[in-house]
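> below are the sequence and a predicted model for it; my questions follow.
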Amino acid sequence: MIEGPKKLKKWMRSVGSSQTGLAVALDISRGSLVNYLRGAATPGLGPAVRLERLSNGAVPVEAWVEKERETKEEAR
């Protein structure tokens, strides 16, 4: 499961960020940001890195990458 949308929403609430203000700060459209928040899209590397820096690590780049599930064989 991708944790990015949840972490992004939580961080935005904690700092009182508006969608428009954050989109401007990230140099993306508000529509793109809305898609990230809904989980309908994931940011490219550039916006993801800018978001990690802007949030002081609260929304890390890896939050936008689906974690691999460990199989029983991999656990051995």
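Perfect, thanks for sending it. Numbering: from 1, shown residues only.
> and residue 40, how many neighbours?
For residue 40, the count of nearby residues is 10 (other C-beta atoms under 10 Å). The way it works is simple: take the backbone N, C-alpha and C, and place the C-beta from them, glycine included.
> quick one: the helices in this structure?
Applying DSSP state H to the chain gives helices spanning 4-15, 19-26, 30-38, 45-54, 72-75.
> by contact count, what packs against the longest one?
So the one you mean is helix 4-15. Here helix 4-15 touches helix 30-38, going by 3 or more C-beta pairs under 8 Å, 6 or more residues apart in numbering; DSSP states H and E.
> just the angle between the helix it packs on and helix 45-54, please?
70 degrees (axes from the mean of the first three to the mean of the last three C-alpha atoms, to 10 degrees).
> angle of helix 30-38 against helix 4-15?
Put simply, helix 30-38 runs at 110 degrees to helix 4-15, going by the same axes, to 10 degrees.
> packing partners for helix 30-38?
So helix 30-38, by 3+ C-beta pairs under 8 Å, 6+ apart, packs with helix 4-15, helix 19-26.
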